[in-house]
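Q: okay, here's the prediction I keep looking at, along with the sequence it came from:
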2 protein chains.
Amino acid sequence: MTASLLPDFAAKILAGDRRALARAITLVESARADHRAQAAALLEALAPAGRQALRIGLSGTPGVGKSTFIESFGTMLIGQGLKVAVLAVDPSSARSGGSILGDKTRMERLSREPNAFIRPSPSQAHLGGVARRTREAVSLCEAAGFDVVLIETVGVGQSETLVAEMTDLFILLMAPAGGDELQGVKRGIMEMADMILVNKADGDLKPAAMRTVGDYAGALRLLRKRGQDPEGFPKALPVSALEEQGLIKAWEEMRTLADWRRENGHFERRRAAQARHWFESEVREGLLARLHTDPEIRARMQALGAAVSAGEAAPATAAAEMLSTLGL
Amino acid sequence: MTASLLPDFAAKILAGDRRALARAITLVESARADHRAQAAALLEALAPAGRQALRIGLSGTPGVGKSTFIESFGTMLIGQGLKVAVLAVDPSSARSGGSILGDKTRMERLSREPNAFIRPSPSQAHLGGVARRTREAVSLCEAAGFDVVLIETVGVGQSETLVAEMTDLFILLMAPAGGDELQGVKRGIMEMADMILVNKADGDLKPAAMRTVGDYAGALRLLRKRGQDPEGFPKALPVSALEEQGLIKAWEEMRTLADWRRENGHFERRRAAQARHWFESEVREGLLARLHTDPEIRARMQALGAAVSAGEAAPATAAAEMLSTLGL
């Protein structure tokens, strides 16, 4: 893309062109320096539109029914006249070369909707890279006029924290379980949750699901974020993605929470803090990238590293020398 | 300390003066720029002596008997004519302001030995800071002529990885347990272990301890590090810190493993890789520190961060501006 094509590209995204959006996300996923520059220019061009979606993070361990939930929940939202984008954060996908979203066949019905946009996780090993790509992809989806951006993640390592740090609401999807299994949920992840949805509240599992909702509701009451949650939140609710039950209720509760936070200034404060965090981590990563991208600096790092390995230089001394080379 | 006092200070440490060693560790723990410079000069002055200790990492969850084990194991080593230093890595100690080692009363007998040196964990929240301080403290203990440096850590977060990355042998201390509890050990930590010691192999618990040894031995066989371990390693062994049983046997096995690795070049390769890793992380931290230490840069970060928070600048744009300020 040459600079002269940028206004046209930006206009297409603002018009909600899904193919242009997909191309733009491919651009922000690229690590090439010229692509990075184009991506920055594009995001800059789109910023004045000031469009915002409700950003919803969704986490849950494999087997809990995340794909089915997103399919049903997304279709319900579209039925309410909303445009829905689905992104995935899966730092582990680099290993298999695949993606938790696999291909779109996992959400066949949703992917056929004109008002839906589904994007699998890119295969990138580096969590920092995944974070940047996802934050930028969210901005692009917002610019393209999506009302809700769902960011899906698997319950692996730090990916929940990452998703919670870039969304307005963080939802945990759980399976029905015995009371003693409650302990299996990491406390840190429970603390991040703005809502817990217990899926599979249908058929034989319904009684267990209702019991599980009660158990989680009790646990969540203890974890209520003072000031950030209105009375009665965070809530645990039953849903059946399969039978499409409880989805509208869950959506209403999400909106109630988001509206309350907006009215009380928490929503904007959270976004402001997230934006600042994003800025700071971009600076840190840009600074560290210098060690790898500048050929002269990289060669000096290699040479000093080899001297340290060979026992010819002390690590701290070599580091001091490197830092002085960098003008520090 | 002025520069003219450095040779005298270094000489005292090389002579094994424990008070000088303690002062030197206090120096490397300091974040002050002048202290950092003095610490670097001191480490540089001590390096030519080229003294090396066997660095042993020790991890185990609270209640497993780590203090008693270090007390008994350390006293046994001293009985064999060795000098023993004990350091602690506890990134969580910042919270309580305390240290996992508490004070030396936890290891009363060992702390009275002239050939022992015990140093509690400093209260630093930042894992990177703890890592640097500990690596430098290990170098100081080696220069002071200690034969064995034991680095103790609690089973919390990333501290095991950190300790495994700065030691020659990484030992897991475990309690007797039923076979089904084996699953409770994180696989990643099992994989790092060069040896598992099952403590409390005494009294009523002895049968359970022996069964646990058998269970772990089976698990470890599956995790054998090809090429890095001789036939039969990693091993699981029973010990009783309380009754001082099995400690000499455990020490002999540690030496067998360390000697084998020395003869086969693994020992030096591991140290070389660790030194290089240390160098690289020092450079990264030094680079990032610039964002906080330089007043002009810090002020610019603050201003741009505030603009991002206020929605006046996009995070990526502000980051690009900051990086160009930094000459990147």
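A: Alright, I've got the coordinates.
Q: what secondary structure does A:I171 sit in?
A: strand (DSSP: H, G, I helix; E, B strand; the rest coil).
Q: so it touches A:L54, yeah?
A: No. Under the criterion of Cβ atoms under 8 Å, A:I171 is not in contact with A:L54, lying 11.5 Å apart. Quick note: C-beta positions are derived from backbone N, CA and C, even for glycine.
Q: those two: which is more packed in?
A: A direct count of neighbours by other Cβ atoms under 10 Å in any protein chain shown for A:I171 and A:L54 places A:I171 higher, at 22 against 19.
Q: next one: the more buried one from chain B, what distance?
A: If you measure A:I171 against chain B using Cβ to the nearest Cβ, to the nearest Å, the figure is 24 Å.
Q: what residues are up against that residue?
A: Residues counted as contacts of A:I171 (Cβ atoms under 8 Å, 6 or more residues apart in numbering or on different chains) are A:I56, A:G57, A:L58, A:S59, A:A193, A:D194, A:M195, A:I196, A:L197, A:M254.
Q: ok, the last one touching A:L169?
A: To tie it back to what came earlier, the one meant is A:M254. Yes. Using Cβ under 8 Å, A:M254 is in contact with A:L169, at 5.7 Å.
Q: for the two, list the residues in contact with both.
A: Counting by Cβ under 8 Å, 6+ apart, the shared contacts of A:M254 and A:L169 are A:L54, A:I56, A:M195.
Q: neighbours around the last one, how many?
A: Other residues near A:M195 number 21, with proximity taken as other Cβ under 10 Å.
Q: could you report the distance from the residue nearest the centre of chain A to A:T134?
A: With distances taken as Cα atoms, centre = their mean, chain A has A:V163 as the residue nearest its mean C-alpha position (3.8 Å). To A:T134, A:V163 is 8 Å away according to Cβ to Cβ, to the nearest Å.
Q: shared neighbours, the two?
A: When contacts are counted by Cβ under 8 Å, 6+ apart, the set common to A:V163 and A:T134 consists of A:V89, A:I151.
Q: ok, the biggest helix by length in chain A near chain B or not?
A: When secondary structure is assigned using DSSP state H, the longest helix within chain A turns out to be helix A:266-293. Yes. Between helix A:266-293 and chain B, judged by Cβ under 8 Å from any Cβ of the partner chain, the touching residues are A:272-273, A:275-276, A:278-280, A:282-284, A:286-288, A:290-291.
Q: skipping its backbone neighbours, what lies nearest the closest residue to chain B within the stretch 151-300 of chain A in space?
A: For the stretch 151-300 of chain A, the nearest residue to chain B under the criterion Cβ to the nearest Cβ is A:E282, separated by 3.4 Å. Nearest residue to A:E282, sequence neighbours excluded (Cβ to Cβ, 6 or more residues apart in numbering or on different chains): B:A319, at 3.4 Å.
Q: and for the one you found, the neighbour number?
A: Using other Cβ under 10 Å, the number of residues around B:A319 comes to 25.
Q: the helix or strand where it lies - contacts with which helices or strands?
A: Element membership of B:A319 [criterion: DSSP states H and E] is helix B:315-325. Based on contacts counted as 3 or more Cβ pairs under 8 Å, 6 or more residues apart in numbering or on different chains; DSSP states H and E, the elements that helix B:315-325 packs against are helix A:33-46, helix A:266-293, helix B:295-309.
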